[in-house]
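>>> My questions are about this predicted structure, shown below with the sequence.
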Amino acid sequence: MDNQNKNLILATALSFGVILVWFLLFPPPAQSPAAYEEAVQEQNDITVPNAALTDSGVAAPTDNVAEAPRIPISTPEIDGSISLLGGRIDDLKLVSYHEEADPTSPEVTLLSPAGTPDAYFASFGWAAVTGVDAANVPGPDTLWTLEEGETLTPDSPVTLAWDNGAGQIFRTEIAVDDKFMFDVTQSVENTGDAEIAIRPYGLIRQYGVPSDLENFFILHEGLVRMTDGELEELKYNKIEDYSVDPAEGTNAERVDVTTSGWIGYTGHYWMTALIPQDGTAFRSTSKYFPTRDIYQAEAVQNPVNVSAGATAAVTTQLFAGAKEWEAIREYEQSGVANFIDSIDWGWFFFLTKPIFWLLHEINVLIGNMGWSIIALTFVLKLLVLPLAYKSYVSMAKMKELQPDMEALKERAGDDRQALQQGMMKLYKDNKVNPAAGCLPILIQIPIFFSLYKVIFVTLELRHAPWVGWINDLSAPDPSSILNLFGLLPWGTPEIGSIFAIVSLGILPILLGVSMWLQQKLNPTPTDPTQKMIFAWMPWVFMFMLGTFASGLVLYWITNNTITFMQQYIIMRSHGAKPDVFGNIKESFNRRRSGNKPANSNKPPKSKAK
């Protein structure tokens, strides 16, 4: 087996190994049942310096969320309402996004009230420190009154008020922009005759593991937070390590933030996050209540001292919406530090970020994500063309040296050392690098991985159509060979079923064909092992990538097509004459399967001495 073929097999094995890892996605775990309201008052202890911030939960029999008055929310991107019970932002639908590609399907529900499946909400309150009792500060169970406003819109904030009857009047003003950001200003007016110290907080509660949890190893779902420039991500099973159990005590994870940060929960495309003002110190806390299956994220700020007759106020932002790249970038530019990192860019962030930026800019010009992926592939191939050119030139030179290498093998016989030394001299005299031939594939691996990450994670490809039957580039090709691509009157297997593996669509088949044609630039290897690997590789990849996102398969087809043209042109320019049709004919000739390639496929004789 010569070095050229060894390099090709090595590159193929590396590429195959990477794709195989991606293909073996972790199956979703058994879903936890939705946590419903219990009829028992439970104290969720949240300790703070010199005091305890007590959260009485949301389960007391008198705390009927459904019967509490509500304030409507209406923005270009959000519909929903705020419950006056706790001032909870617990009813949000994203009007621009639907559960299915069909625009008539239900809108995506982000937040839901306690007592419903997948309950999920945000609430704001105060913790007593000194000068006031814990019962006299508002929490998630406080019944507020609407003091100002009727409907929360980008042009009309609302103000909630609560008088504790002990000398303090609390207010919460809630404003919202035209996207997904709420500004929550908490204030306290001290009408008493003594100074008090209290600390404001915001919390996000997720009841149970979300039912739409995808649990792909390539995607982070769970807690996400920024702490003074450091990003931390915890999946739901890791959050459970920080449990709060009345019988066993508190084991919450608390991280002190000194200048800037945020904390919340993220899914595939949606996120909620508490964002104290930049420059504000706060305690970022993650905890889990096992008895009620509640995941809770908190941003607890430092105590505020309020003198008699004085008023104090703090503002916290709440992001609750879609992880749109443009919107999140604008929030980062307006002061939310490192907010763009809330999108899961992965290990190759130094590639995924610029690749997505380039894809986004191309899509702004073209207006179709499918054609934008094709254009992006041309740009990426152009960027690596100089290195690819050197690699293909090296491969062409290796073909020219093939007769000399065969003669060298005959002269060396079983003397492996002499053979190795002779080959090294042959490479050196002809200025050939035998390892250069596999560089295009090796370079393609991180680019492929990064583009896969971009296509899989970023919201902009969700339900993005291309042409004809491809109406969602983030989903597999919906066509199927099992019904002749829609010509036969029956449906296709559901995604995830074992039959979906053989239910190949048009794009995966084109992928296999493009890889097969690319192989035919070279004669069939004479070594039986190589021959088997090269014969099966296109069709193995075809089945493996058949269930991948259509956008990714489209990239791979385009990449193969461009690579085929590049390699053909470069090989022709250096004297090699690839006989594509002859190699195809030979691959179908079973009687010659064990023979050497036809003479027409032999490379020209080397001029090396």
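Nice, thanks for sending it over.

>>> now Ile374, nearest residue through space, not along the chain?
Thr558 (5.0 Å; C-beta to C-beta, 6 or more residues apart in numbering). C-beta here means a position set from N, CA and C on the backbone, and glycine is covered the same way.

>>> what's the helix or strand harbouring that neighbour packed up against?
If you go by DSSP states H and E, Thr558 is part of helix 550-573. Applying 3 or more C-beta pairs under 8 Å, 6 or more residues apart in numbering; DSSP states H and E, one finds that helix 550-573 makes contact with helix 369-383, helix 385-400, helix 439-457, helix 506-519.

>>> re the thing from before, quickly note the distance from the residue nearest to Ile374 to Ala549.
Going from Thr558 to Ala549 by C-beta to C-beta, to the nearest Å gives 14 Å.

>>> got it, and Trp371?
From Trp371 to Ala549 the distance is 16 Å (C-beta to C-beta).

>>> the more surrounded of these two?
Ala549 (19 against 16; other C-beta atoms under 10 Å).

>>> Test my guess that that one contacts Val454.
No. Contact between Ala549 and Val454 fails when scored by C-beta atoms under 8 Å: they sit 10.2 Å apart.

>>> anything in contact with each of the two?
Common contacts of Ala549 and Val454, defined by C-beta atoms under 8 Å, 6 or more residues apart in numbering, comprise Leu461.

>>> mind showing which ranges of the stretch 251-400 of the chain have poor pLDDT?
For the stretch 251-400 of the chain, the stretches with pLDDT under 70 are 395-396.

>>> Confirm that Gly139 lies within a strand, as I assumed.
No. Under the criterion used here (DSSP: H, G, I helix; E, B strand; the rest coil), Gly139 is coil, not part of a strand.

>>> Let me know the pLDDT of it.
Among the per-residue scores, Gly139 holds a pLDDT of 91.

>>> now Ile204
If you check Ile204, the pLDDT there is 97.

>>> Confirm that it sits in a helix.
No. Secondary structure of Ile204, determined by three-state DSSP: strand, with no helix assignment.

>>> please renumber so the chain begins at 328
Understood, numbering begins at 328; the last thing we discussed is Ile531.

>>> Let me see the ranges of the strands in the stretch 478-627 of the chain.
According to DSSP state E, counting those that start in this stretch, the stretch 478-627 of the chain carries its strands in the segments 485-490, 495-503, 508-517, 523-534, 549-554, 557-562, 571-572, 576-577, 580-584, 588-593, 597-603, 609-616, 621-628.

>>> Pipe the ones you listed into CSV and attach distance to Ile889 per row.
Below are the strands of the stretch 478-627 of the chain laid out as CSV (distance: least, C-beta to C-beta, whole Å):
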stretch, distance to Ile889
strand 485-490, 56
strand 495-503, 46
strand 508-517, 42
strand 523-534, 45
strand 549-554, 37
strand 557-562, 35
strand 571-572, 56
strand 576-577, 58
strand 580-584, 47
strand 588-593, 35
strand 597-603, 36
strand 609-616, 46
strand 621-628, 46
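
>>> For Trp863, which of those strands is the nearest?
For these, proximity to Trp863 was assessed by C-beta to C-beta; strand 557-562 is nearest, at 36.1 Å.

>>> tell me the mean pLDDT for that closest one?
Per-residue scores along strand 557-562 average to 94.

>>> and what of stretch 421-428?
pLDDT averaged over stretch 421-428 gives 93.

>>> Format the CA atom coordinates belonging to that stretch as PDB.
Taking C-alpha atoms only, stretch 421-428 is exported to PDB below (Å, rounded to 0.1, in the frame of the first residue of the first chain):
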ATOM      1  CA  LEU A 421     -43.900  34.400  20.600                       C
ATOM      2  CA  VAL A 422     -46.100  35.600  17.800                       C
ATOM      3  CA  SER A 423     -43.500  35.400  15.000                       C
ATOM      4  CA  TYR A 424     -42.700  31.700  15.700                       C
ATOM      5  CA  HIS A 425     -44.800  28.700  15.300                       C
ATOM      6  CA  GLU A 426     -44.500  25.100  16.600                       C
ATOM      7  CA  GLU A 427     -44.400  23.800  13.000                       C
ATOM      8  CA  ALA A 428     -43.200  25.100   9.700                       C
END
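
>>> What are the contacting residues of that stretch?
403-406, 431-437, 596-597, 648-649, 789-790, 792, 798-799, 802.

>>> List buried residues within those residues.
404-405, 435-437, 596-597, 648-649, 789-790, 798-799, 802 (16 or more other C-beta atoms under 10 Å).

>>> Now render the residues you listed as a markdown table, adding secondary structure and distance to Gly494.
As requested, those are arranged in a markdown table below (DSSP: H, G, I helix; E, B strand; the rest coil; distance: C-beta to C-beta, whole Å):
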| residue | secondary structure | distance to Gly494 |
| --- | --- | --- |
| Glu404 | coil | 40 |
| Ile405 | strand | 37 |
| Val435 | strand | 44 |
| Thr436 | strand | 41 |
| Leu437 | strand | 38 |
| Tyr596 | coil | 46 |
| Trp597 | strand | 41 |
| Gly648 | strand | 38 |
| Ala649 | strand | 43 |
| Arg789 | coil | 51 |
| His790 | coil | 54 |
| Asn798 | coil | 61 |
| Asp799 | coil | 58 |
| Ala802 | coil | 59 |
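
>>> got the end-to-end distance for stretch 410-429?
In stretch 410-429, first residue to last residue: 31 Å (C-alpha to C-alpha, to the nearest Å).

>>> Please identify the buried residues of it?
For stretch 410-429, the neighbour count (16+ other C-beta under 10 Å) marks 410-421, 424-425 as buried.

>>> Among those, which are located in strands?
Secondary structure assignment by DSSP state E places 410, 415-421, 424-425 of the buried residues of stretch 410-429 in strands.

>>> How is this structure divided into domains?
371-671, 681-919 (automatic domain parsing).

>>> Show me the contact partners of stretch 549-568.
356, 536, 540, 547-548, 578, 580, 582, 584-593, 598, 600, 611, 613-615, 617, 622, 624, 664-666, 668-669, 671.

>>> Now with 7 Å, please.
For stretch 549-568, contacts defined as C-beta atoms under 7 Å, 6 or more residues apart in numbering pick out 536, 547-548, 582, 584-593, 611, 613, 615, 622, 624, 664-665, 668-669.

>>> which among these end up buried?
By 16+ other C-beta under 10 Å, those give 536, 547-548, 582, 584, 587-593, 611, 613, 615, 622, 624, 664-665, 668-669 as buried.

>>> Gly606: neighbour count?
10.

>>> what sits against it?
Contacts of Gly606 were listed using C-beta under 7 Å, 6+ apart, and they are 586-587.
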